[in-house]
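A.B. asks: Below is the sequence, then the predicted model.
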Amino acid sequence: MTDEVEVKQPRLIGHIAIDRVKELREQQKNPDLFRPVSTGLTDLDTLIGGLPRAKPFMLVILAKEKIGKTTLGLKLAANWAEQVPEGCIYFGLEEQDYELADRYLADLGNISRKKMFMLNLSDMDLDIMESVAYRMVETHKLYIQDEIFSFGMMVKQMKVLGVKLAWIDNFHLMDRLKIPGSNDREKLENLSRKIAQVRNTHKLSFGVLAQEGEEGKGFASHQINRDANIICSIEPMYMSQSDEQRRRKEPPEEFNMLRQITVRRSRAVPPGICEVAFDGDHSRIGDIKVKKIDLNSPTFFTDVEGGEVLT
């Protein structure tokens, strides 16, 4: 594939609509093959309806450094890989493949990443990790690639593997040597446009993780907003002590922090906000299962899944 993207010819909207009805009629015969794929996060699914499967999409996740962008990206990638037979590919532009694998071992094996780094692992820890690794081979058709930075090469890799979804982490580290533009801002804008064009012409989907931060590190994220179907940002939850006592939302036992995901844009539904549980040491992100049911009483809670009232 060259860096040039072929632009399709314009069509009458009526002709597009006729083809669309035919497509929907065919999909309706076996709807489970085309319905959106769950993100694995209940409240996020409620906001965006899941990840589109019937049509190509571009999802952008924005976050400052060390907030949980990669954890969220890998969570979405894993859920896609478990539900879609051909799986997907994750391009790690910052972390090496073994570091990304460590994240899965930490999450699924409940093993601290710090223990891995410091080599403070017991024989039981290693046995658990080995069992998790073999199970991942059977259940997670998720490819990892940490040596490709060129978008053209990424698309080639997708076609070789037969996958229709790629995750790019981090956007601002992509190779833009052959991308037109007089400065980095223009090059990244043109690169974003190229991703959107490939989505439209090659029917491929992309999850793009972009950094927001100080000193210009995150300016790339502003250029991809225009081209994305779904835009989410993830950030820590900040609240006063009185708010904390009033709301009394706490992460489940296996988590230690809370994060807020803001859906800035979704073509299907209005923008919204959801809260998730987070644990960086285990690279884990999940639903908040314990919520207050009476704002006037700080002692009563409900289990969201079972509806059981807890004191």
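C.D. replies: Looks like it came in fine.

A.B. asks: Pull out the buried positions in the helix or strand harbouring residue 262.
C.D. replies: Secondary structure assignment for residue 262, by DSSP states H and E: strand 257-266. Residues 258-259, 261, 263, 265-266 are the ones in strand 257-266 that count as buried (16 or more other Cβ atoms under 10 Å). Heads up, the C-betas are built off the backbone N, CA and C, glycines and all.

A.B. asks: Contacts only, for residue 137.
C.D. replies: Shown in contact with residue 137 (Cβ atoms under 8 Å, 6 or more residues apart in numbering): no residues.

A.B. asks: What segments of the stretch 1-150 of the chain are strands?
C.D. replies: Taking DSSP state E, counting those that start in this stretch, the strands of the stretch 1-150 of the chain run over residues 58-63, 88-92, 142-145.

A.B. asks: Packing partners of the second one?
C.D. replies: Applying 3 or more Cβ pairs under 8 Å, 6 or more residues apart in numbering; DSSP states H and E, one finds that strand 88-92 makes contact with helix 69-83, helix 97-109, strand 142-145, helix 151-161, strand 165-169.

A.B. asks: Format the CA atom coordinates belonging to that strand as CSV.
C.D. replies: Below are the C-alpha coordinates for strand 88-92, written out as CSV (Å, rounded to 0.1, in the frame of the first residue of the first chain):
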residue,chain,number,x,y,z
CYS,A,88,-7.8,-7.3,16.3
ILE,A,89,-4.3,-5.9,16.5
TYR,A,90,-2.8,-3.5,19.0
PHE,A,91,0.1,-1.3,17.9
GLY,A,92,2.1,-0.3,20.9
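
A.B. asks: Neighbours of residue 115, how many?
C.D. replies: Per other Cβ atoms under 10 Å, the neighbour tally for residue 115 reads 14.

A.B. asks: cool, and residue 270?
C.D. replies: 8.

A.B. asks: Checking it next. Helix, strand or coil?
C.D. replies: Assigned with DSSP: H, G, I helix; E, B strand; the rest coil, residue 270 falls in the coil class.

A.B. asks: Got phi/psi on it?
C.D. replies: phi -70, psi 160 (degrees, to the nearest 10).

A.B. asks: what's the spacing between it and residue 47?
C.D. replies: Separation of residue 270 from residue 47 (Cβ to Cβ, to the nearest Å) stands at 9 Å.

A.B. asks: Could you pull out the residues contacting both of the two?
C.D. replies: Among the neighbours of residue 270, none is also in contact with residue 47 (Cβ under 8 Å, 6+ apart).

A.B. asks: Relative to residue 192, which of the strands of the stretch 1-150 of the chain is closest?
C.D. replies: Residue 192 lies closest to strand 58-63 among the strands of the stretch 1-150 of the chain, at 8.8 Å (Cβ to Cβ).

A.B. asks: wait, doesn't residue 61 sit right on residue 209?
C.D. replies: Yes: contact between residue 61 and residue 209 holds when scored by Cβ atoms under 8 Å: they sit 4.9 Å apart.

A.B. asks: Could you tell me which residues touch both of those two?
C.D. replies: With Cβ under 8 Å, 6+ apart as the test, residue 61 and residue 209 both reach 69, 73.

A.B. asks: These two: who's more crowded?
C.D. replies: Neighbour tally, residue 61 and residue 209, criterion other Cβ under 10 Å: the higher count belongs to residue 209, 28 against 25.

A.B. asks: Show me what that one is bridged to.
C.D. replies: In this structure, residue 209 bridges to residue 61, residue 169 when assessed by DSSP bridges.

A.B. asks: Could you measure from it over to residue 13?
C.D. replies: Distance of residue 209 to residue 13, computed by Cβ to Cβ: 34 Å.

A.B. asks: Buried residues, stretch 231-239. List them.
C.D. replies: Buried, per 16+ other Cβ under 10 Å, within stretch 231-239: 231-234.

A.B. asks: Helix, strand or coil: sort out the closest residue to residue 279 other than its chain neighbours for me.
C.D. replies: Counting by Cβ to Cβ, 6 or more residues apart in numbering, the nearest residue to residue 279 once its immediate chain neighbours are dropped is residue 255, at 4.6 Å. With three-state DSSP as the basis, residue 255 sits in coil.

A.B. asks: out of the strands of the stretch 1-150 of the chain, nearest to residue 9?
C.D. replies: Residue 9 lies closest to strand 58-63 among these, at 22.1 Å (Cβ to Cβ).

A.B. asks: Packing partners of the closest one?
C.D. replies: helix 69-83, helix 184-202, strand 205-211, helix 219-224, strand 230-236.

A.B. asks: most neighbours per residue, which of these?
C.D. replies: strand 205-211 (a mean of 26; mean count of other Cβ atoms under 10 Å).

A.B. asks: pull the CA atoms of it into CSV?
C.D. replies: Only the C-alpha atoms of strand 205-211 are listed here, as CSV (Å, rounded to 0.1, in the frame of the first residue of the first chain):
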residue,chain,number,x,y,z
SER,A,205,-11.8,0.5,12.0
PHE,A,206,-9.3,2.2,14.4
GLY,A,207,-9.1,2.9,18.1
VAL,A,208,-6.7,5.8,18.5
LEU,A,209,-5.1,6.6,21.9
ALA,A,210,-3.8,10.2,22.1
GLN,A,211,-2.1,12.0,24.9
